[in-house]
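Undergrad: Any chance you could fold what I've pasted below:
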Amino acid sequence: MNRRDEDTVRARMPADVDAPDKVVYGLTFRQLAILAVAAVIGYGAWNTLHTLLPVPVLIGAFVVLGGLVFGLAVGRRDGLSLDVWMLAGLRHSRSPRALSTTDTTAKVPDWVQAPASKVMLPAPLRLPADAIGDDGQISLAGAKAAMVAATSVNLALRTADEQAALIDTFGRWLNSLSTPTQIVVSAQPVDLASSARTLARAADRLPDRALAAACADHADFLADLAERRDPLRRQVLIVTRAGAGERGEHAARRRADDTVRALSGLGVTTRALDGPAVTAALAAAADPYRPSRPGGLAAPDAVITAAAPKQAPPKPRRKPPS
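TA: Residues are numbered from 1 along each chain as shown. Model prediction:
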């Protein structure tokens, strides 16, 4: 054991640091508020109904309702408290199922004849991002953001000194953050079938037979791997946002470049994404199992035109016989 390991102080950190504080009897303030409101309502109902209904009936009803309220206060589902989970389910059931970027809430003119059947129109889709610049800056509501792509690093293969140095470098970057920053680690499918087809076509054009055979063998390996397995790749995206007091049109881009320089000491490959790369990353995040369409997207104010259809040449007219 070296000197650095002897001087290192190890402390146990709980995993539930974001858990709400327990106020009394292991219950949080939110749980106590739900039980207190239910107790006040139950007391008022008892004073109102104990002269109208038999006491055993009221006691049985209050026991059942009290059990339901207690389960609502202390129960959990999918990592959420049961009251929050039920409120989210209620909002989801009342929210529209279809959304559209076209404003469907505008008033229909009087000269438009309304359809006989009532059709449920989609609700307007309000995205947090307004536009994506060519330099990769994302226009949010009154702010700018940029995106950085990074690879991962394996700490288990490093020595104790290297692990401490990497953690110290990552900690310095975290301490330097003054604006909201998001780190997204996701697994995305890898399209090995298209790579196998590309290698198979390239093998026929290689001049060396041994190299062509190796290329064809590797193409068969990729095709077999794509058929038998579902290969995935890990993607790490870091979204940096410019501060409210920062001036300049490229403040978010500067923060992305600072992130690239700060994380280069970790031994990972980082790069600030430009406009097309940010668009592809957002499209892949929305639908990871469908590859993005090549060719890019048109700007919102671009005029899209199509080539005129080719008309067939006129057929020659035959002269009537004289």
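Undergrad: Okay, and the spatially most central residue of the chain sits in which element?
TA: Centre of the chain computed as the mean C-alpha position; nearest residue by C-alpha atoms, centre = their mean is A285, 5.6 Å away. Assigning secondary structure by DSSP states H and E places A285 in helix 275-286.
Undergrad: Quick check: buried residues in that helix?
TA: 275, 278-282, 284 (16 or more other C-beta atoms under 10 Å). (Each C-beta comes from the backbone N, C-alpha and C, glycine too.)
Undergrad: related to what we said a few turns ago, show the contacting residues for the residue nearest to the centre of the chain.
TA: By C-beta atoms under 8 Å, 6 or more residues apart in numbering, the contact set of A285 is 184, 186.
Undergrad: hey, where'd the helices end up in the stretch 1-150 of the chain?
TA: Here the stretch 1-150 of the chain has its helices, by DSSP state H, counting those that start in this stretch, at 3-7, 29-49, 55-74, 82-94.
Undergrad: Including mean pLDDT and distance to V236, could those helices go into TSV?
TA: As requested, the helices of the stretch 1-150 of the chain are arranged in TSV below (pLDDT from 0 to 100; distance: least, C-beta to C-beta, whole Å):
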stretch	mean pLDDT	distance to V236
helix 3-7	53	28
helix 29-49	90	35
helix 55-74	89	37
helix 82-94	88	29
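Undergrad: Dump those helices into a markdown table; add mean neighbour count and distance to T270 as well.
TA: Below are the helices of the stretch 1-150 of the chain laid out as a markdown table (neighbours: other C-beta atoms under 10 Å; distance: least, C-beta to C-beta, whole Å):
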| stretch | mean neighbour count | distance to T270 |
| --- | --- | --- |
| helix 3-7 | 8 | 27 |
| helix 29-49 | 13 | 41 |
| helix 55-74 | 13 | 45 |
| helix 82-94 | 12 | 36 |
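Undergrad: Same list (those) but as CSV, adding distance to L125.
TA: Output for those, formatted as CSV (distance: least, C-beta to C-beta, whole Å):
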stretch, distance to L125
helix 3-7, 54
helix 29-49, 32
helix 55-74, 33
helix 82-94, 16
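Undergrad: returning to what we had before: pick the one among the buried residues of helix 275-286 closest to V190.
TA: Of all the buried residues of helix 275-286, A284 has the smallest distance to V190: 12.0 Å, by C-beta to C-beta.
Undergrad: Make sure the closest one is actually in contact with D191.
TA: No: using C-beta atoms under 8 Å, A284 is not in contact with D191; the gap is 11.8 Å.
Undergrad: Mean confidence (pLDDT) on stretch 274-287, please.
TA: In this model, stretch 274-287 has an average pLDDT of 84.
Undergrad: and Y289, what is it in contact with?
TA: If you count contacts by C-beta under 8 Å, 6+ apart, then Y289 has P189 around it.
Undergrad: what about it, distance to G71?
TA: Distance, Y289 to G71, by C-beta to C-beta, to the nearest Å: 38 Å.
Undergrad: can you check A203 too?
TA: Per C-beta to C-beta, A203 is found 65 Å from G71.
Undergrad: Same check on A146?
TA: 46 Å.
Undergrad: One more: A281?
TA: A281 is 42 Å from G71, by C-beta to C-beta.
Undergrad: can you check R205 too?
TA: 69 Å.
Undergrad: Likewise for A202?
TA: Taking C-beta to C-beta, one finds A202 at 64 Å from G71.
Undergrad: For the stretch 201-322 of the chain, which segments count as helices?
TA: Taking DSSP H, counting those that start in this stretch to define them, one finds helices in the stretch 201-322 of the chain at 209-228, 251-263, 275-286.
Undergrad: packing partners for the first one?
TA: Spelled out, that is helix 209-228. For helix 209-228, the packing partners by 3 or more C-beta pairs under 8 Å, 6 or more residues apart in numbering; DSSP states H and E come out as helix 192-203.
Undergrad: And the second one, by the same measure?
TA: If you count contacts as 3+ C-beta pairs under 8 Å, 6+ apart, helix 251-263 packs onto strand 143-150, helix 160-175, strand 232-241, strand 270-272.
Undergrad: Would you agree P231 is in contact with S195?
TA: No: the pair P231 / S195 is not scored as a contact, 10.5 Å apart, by C-beta under 8 Å.
Undergrad: neighbour-wise, which of these two wins?
TA: S195 (15 against 12; other C-beta atoms under 10 Å).
Undergrad: Counting neighbours, what do you get for the closest residue to that one other than its chain neighbours?
TA: The shortest distance from S195 to any non-neighbouring residue, by C-beta to C-beta, 6 or more residues apart in numbering, is to L222 (5.6 Å). L222 has 20 neighbours, counted by other C-beta under 10 Å.
Undergrad: L263 too?
TA: 21.
Undergrad: try the one 10 residues further on
TA: By the other C-beta under 10 Å criterion, the neighbourhood of L273 contains 21 residues.
Undergrad: show me the contacts for it.
TA: By C-beta under 8 Å, 6+ apart, the residues touching L273 are 136, 146-149, 256, 281.
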